[in-house]
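S.K.: Model the structure of this input:
(chains A and B)
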Amino acid sequence: RKEVEQDPGPFNVPEGATVAFNCTYSNSASQSFFWYRQDCRKEPKLLMSVYSSGNEDGRFTAQLNRASQYISLLIRDSKLSDSATYLCVVIRGRGYSTLTFGKGTMLLVSP
Amino acid sequence: NAGVTQTPKFQVLKTGQSMTLQCAQDMNHNSMYWYRQDPGMGLRLIYYSASEGTTDKGEVPNGYNVSRLNKREFSLRLESAAPSQTSVYFCASSEAGPANYGYTFGSGTRLTVV
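M.R.: Residues are numbered from 1 along each chain as shown, chains lettered A, B, ... in the order given. You can find the predicted model right below:
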């Protein structure tokens, strides 16, 4: 099993739809989790941290399932501007090289 | 609100040429990183600097060297470029370790080695 796995997509959804992505991780000792957003030919930007109790930021909800070793990102009421690649990040420990990026899931929102 | 600034944005090199990618941050962050991003491979850590005066290898350091010139600047040098180093290079910084605050990335350098 790869350290961090994401479905590459693309996920094609109409405006207003709800869409969810998962990201699975292999190391049960992983401690910290993030979601980043990357627009085409741009740099990744931090979208949100993922907390054990789950967290919400507007239309975005992130959740962690430690038992099944995955994190999820739910986007409600999708906008055209949500079209991007969503990268999950998993941190195994405190060391600087213990952070792993997933390869990303592409979302395409259509009118 | 510059954040992390990388130069150049684009570069074409011939095999065997050398060059230095520059990165500067104005957020007073302690830690800085160099990543490369290739299709189908995701982002891979080349080198990082946990704090001024220290540098360490990441996942894919071969063919690269780095210098943490001061707290603001972290450069990446290719001594003898190879086609396998064709990639998009991102510099990033964080206030402390990556577990705490996440990264701020620069806009990237698109490097082609022919």
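S.K.: Spit out the contact partners of residue 3.
M.R.: Reading this off chain A. A:25, A:26, A:27, A:90, A:100 (C-beta atoms under 8 Å, 6 or more residues apart in numbering or on different chains). Any C-beta I mention is one placed from the backbone N, CA and C, and that applies to glycine too.
S.K.: nope, chain B
M.R.: By C-beta under 8 Å, 6+ apart, the contact set of residue B:3 is B:25, B:26, B:27, B:104, B:106.
S.K.: Could you do residue A:57 as well?
M.R.: Residue A:57 touches A:47, A:48, counting by C-beta under 8 Å, 6+ apart.
S.K.: If we use 6 Å, what do you get?
M.R.: residue A:48 (C-beta atoms under 6 Å, 6 or more residues apart in numbering or on different chains).
S.K.: Mind giving me the PyMOL select for the contacts of residue B:3, buried ones only?
M.R.: Buried residues within those, by 16 or more other C-beta atoms under 10 Å in any protein chain shown, are selected in PyMOL with:
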select buried, chain B and resi 25+104+106
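S.K.: Out of the contacts of residue B:3, list just those in strands.
M.R.: Under the assignment DSSP state E, the contacts of residue B:3 contribute B:25, B:104 to strands.
S.K.: buried residues in stretch B:38-48?
M.R.: Of the residues in stretch B:38-48, B:42, B:43, B:44, B:45, B:46, B:47, B:48 count as buried by neighbour count, 16+ other C-beta under 10 Å.
S.K.: try stretch A:89-107
M.R.: For stretch A:89-107, the neighbour count (16+ other C-beta under 10 Å) marks A:89-92, A:96-107 as buried.
S.K.: what about that stretch and chain B, touching?
M.R.: Yes - for stretch A:89-107, a contact with chain B is found by C-beta under 6 Å from any C-beta of the partner chain, at A:91, A:96, A:97, A:99, A:101, A:103.
S.K.: Perfect, I'm done here.
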